[in-house]
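Asks: only geometry, no sequence info:
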Ligand code: HEC
C-alpha cells in the first residue's frame, strides 16, 4: 500500500493542479462514505467511488476523477470486484483499487491487501449456498400472492374502465393475453410494445379508461396476474 501511495503521488504531481486533485479526491471519498471514514477511504489523490446496487459495497478507484469515466480494463476489474463482494450479502465492504491495480479490501475494520478477483475473503457468507429459510420463502410467497390476488380482482372488476367492461369478459383466466410474447411489434401501436402498452391499449379502447403509468400499483397487479396465469410457459419475445 505504501508503494502504491508514492507511485500515485508522483503521477498526479506531474499532472496539473495537485491541490485541486487532492480536494476532489477527498470530497469524492467523504461524500461516498456517507460521513464515516474507514482507514482505507482517506483520499490522497483524485478517485471515483462506485457503489454496488445494495449500497453496502463501495469500490474506490484511484487516479480517476469523480467526473471521469473509468477506462475499460479498470472498469471491468471494478465490475468483477463488485460481483465478488456482492457474495457477502449483509456486509459493508470498502475496496480500493490503486493506480497499479492492487486491491485492498476493508471489512469491519479488517484489512485484506492485494486481493485477487475471484478469490475468497475469510468471511462467513450470509447464505453460503444454503437455501433460503422457510420463513423467508413464506413471507415472499405471501407478498406475491397478495399482488396476484389484487390483479385477479382488478381483472374481473369494471373499475379500471368507465363503461362497465372488465378484462376477464374478453380474456377469461387471462386467455389470449400472451404476456410471454413481449416485447413484440404490435401493428395497432405501430411499434415494439411492452406488455403494459397492450394493457393500456385495452384499457383505453374497449374499457374507455385512462392509461396507467408503468409503475402504477394497478399495472403491477394486472401484469402479475397475467404472468401468474402463464406460469411455466417459455418466454418467447417477439412471437406472434
Ligand atoms: C372487449 C374485449 C376486450 C377487453 C374488455 C379487453 N381486451 Fe385485451 N384484447 C382484446 C382483443 C380483441 C385483443 C387482441 C388484439 C390483437 O392482438 O390484435 C386484446 C389484446 C390484449 C393483449 C395482447 C395480447 C397478445 O396476444 O399480444 C393484452 C395483454 C390484453 N389484451 C390485456 C387486456 C387487459 C389487461 C384488459 C383489461 C384492462 C383487457 N385486455 C381488456 C380484447 C379485449
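Replies: Received the coordinates, thanks. Keep in mind that what you see is a predicted model, and the values were worked out from it rather than measured.

Asks: and the residue nearest the centre of this protein?
Replies: residue 53 (5.0 Å; C-alpha atoms, centre = their mean).

Asks: need the contact list for it.
Replies: By C-beta atoms under 8 Å, 6 or more residues apart in numbering, no residues touch residue 53. From N, CA and C alone the C-beta is placed, and that goes for glycine too.

Asks: what's the distance between it and the ligand?
Replies: Separation of residue 53 from the ligand (C-beta to the nearest ligand atom, to the nearest Å): 30 Å.

Asks: that's a strand at that residue, yeah?
Replies: No - read with DSSP: H, G, I helix; E, B strand; the rest coil, residue 53 is coil and lies in no strand.

Asks: if residue 93 is in a bridge, with which residues?
Replies: residue 57, residue 107 (DSSP bridges).

Asks: tell me the contacts of the closest residue to residue 217 other than its chain neighbours?
Replies: Spatially, and ignoring its direct neighbours in sequence, residue 217 is nearest to residue 150 (7.8 Å; C-beta to C-beta, 6 or more residues apart in numbering). Shown in contact with residue 150 (C-beta under 8 Å, 6+ apart): 217, 221, 224, 225.

Asks: how far away is the last one from residue 157?
Replies: Which is residue 225. Distance, residue 225 to residue 157, using C-beta to C-beta, to the nearest Å: 12 Å.

Asks: quick revisit: next up, phi/psi of the residue nearest to the centre of the chain, please.
Replies: Main-chain dihedrals, residue 53, degrees, to the nearest 10: phi -70, psi -20.

Asks: also the one 3 residues further on?
Replies: Backbone geometry at residue 56, expressed as degrees, to the nearest 10, gives phi -110, psi -20.

Asks: likewise for the one 5 residues further on?
Replies: Listed backbone geometry of residue 61 is phi -100, psi 110, with angles given as degrees, to the nearest 10.

Asks: hmm, who's touching stretch 66-79?
Replies: Contacts for stretch 66-79 (C-beta under 8 Å, 6+ apart): 24, 27-28, 46-50, 59, 61, 64, 97, 101, 103, 117.

Asks: buried subset of the residues you listed?
Replies: The neighbour-count test (16 or more other C-beta atoms under 10 Å) marks 24, 28, 46-50, 59, 61, 64, 97, 103, 117 as buried among the contacts of stretch 66-79.

Asks: out of those, who's nearest residue 187?
Replies: Checking these against residue 187 by C-beta to C-beta gives residue 50 as the nearest, at 43.0 Å.

Asks: how near is that closest one to residue 59?
Replies: With C-beta to C-beta as the criterion, residue 50 and residue 59 are 5 Å apart.

Asks: quick one: common contacting residues for these two?
Replies: Counting by C-beta under 8 Å, 6+ apart, the residues touching both residue 50 and residue 59 are 78, 82.

Asks: mind pulling up the pLDDT for residue 124?
Replies: Looking at residue 124, its pLDDT reads 72.

Asks: repeat for residue 120
Replies: So residue 120 comes in at 89 (pLDDT).
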